[in-house]
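K.L.:
Could you work out the structure for the sequence below:
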Amino acid sequence: MAFYMNIRPIFSTIALFLFAPTVFSAADDQKPVTTGVIRSADRRFAIAAEIVSTAELRRKGLMHRTGMGENQGMLFRYTDQAPRSVWMKNTLLALDVLFLSPDGRIISILENLQPCRHDPCRIFDSAAPAMYMLEVNANYIKHHDLKIGDRLLLP
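P.N.:
The predicted model follows:
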C-alpha cells in the first residue's frame, strides 16, 4: 500500500506529460509546454505549463483566451529575479498568480484576479522579487491549498 501511495503521483505526472503537447489548442501558436510538479508539505500534483520567455509572448500572456484546463497554466520565465507585475487587460479568465524564486519556491501569491473590462486596468505586483510567474485558473491556489514556500519542480 505504501509503495502504491509513493508511486501514484509519478504515474499522474507521467500521464500528464504524455498528453502535455495537446493541452492547448492549435490556435495558441504551438508554444512549448512542459509538465511540472508542484510540491507542498504533504502532497504533489502535476501541472502542464505553457512556457513564455520572450517579451512579446509575456506581453500577450493569456489575453483573449476563452478557457484553460483545470491543471494547466502559463509560466512566465525571466532571466533575472526582480519585482514582477501583472495586469488583466484583455484577459477573459479570472486567474490566480504564483510568483516563484529561481529554485521554484512560491514567494508571493495573488488570488482570484478578475478580468479588466475598462481602462485603466489595475496593475498587481509581487510581494517579493521573482524569476518566474505562473498563471493558473482562479481558485487553483485555494483548491490545492498552496502556500508560500511550496515549490514548483520543472524538468
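K.L.:
and the strand or helix carrying Ala48, what does it pack onto?
P.N.:
According to DSSP states H and E, Ala48 maps onto strand 44-52. When contacts are defined as 3 or more C-beta pairs under 8 Å, 6 or more residues apart in numbering; DSSP states H and E, strand 44-52 packs onto helix 2-19, strand 33-39, strand 72-82, strand 130-137. Every C-beta, even on glycine, is put in place using the N, C-alpha and C of the backbone.
K.L.:
What strands flank it, and is each parallel or antiparallel?
P.N.:
Taking DSSP bridges as the criterion, strand 44-52 pairs within the sheet with strand 33-39 (antiparallel), strand 72-82 (parallel).
K.L.:
Asp96 and Ile141 touch, don't they?
P.N.:
Yes: counting by C-beta atoms under 8 Å, Asp96 touches Ile141, with 4.5 Å between them.
K.L.:
Give me the common contacts of these two.
P.N.:
Jointly contacting Asp96 and Ile141 under the rule C-beta atoms under 8 Å, 6 or more residues apart in numbering are Ile109, Glu111.
K.L.:
rewinding a little: can you tell me which of the strands paired with strand 44-52 is most buried?
P.N.:
Highest mean neighbour count of the strands paired with strand 44-52: strand 33-39, a mean of 20 (counted as mean count of other C-beta atoms under 10 Å).
K.L.:
Can you pull the poorly scored residue ranges out of this protein?
P.N.:
Along the chain, segments meeting pLDDT under 70 span 1-32.
K.L.:
give me every residue that touches the residue sitting nearest the centre point of the chain.
P.N.:
By C-alpha atoms, centre = their mean, the chain has its centre lying nearest to Leu134, at 2.9 Å. Shown in contact with Leu134 (C-beta under 8 Å, 6+ apart): Ile47, Ala49, Gly73, Met74, Leu75, Phe76, Val97, Leu98, Leu100, Leu152.
K.L.:
nearest to Arg122, of these?
P.N.:
Closest approach to Arg122 among these (C-beta to C-beta): Val97, at 13.0 Å.
K.L.:
now the helix or strand hosting the closest one, how far from the chain's geometric center?
P.N.:
Using DSSP H and E, Val97 sits in strand 95-100. Its chain's C-alpha centre and that of strand 95-100 lie 6 Å apart, by C-alpha atoms, centre = their mean, to the nearest Å.
K.L.:
likewise stretch 129-136?
P.N.:
Distance, centroid of stretch 129-136 to centroid of chain: 7 Å (C-alpha atoms, centre = their mean).
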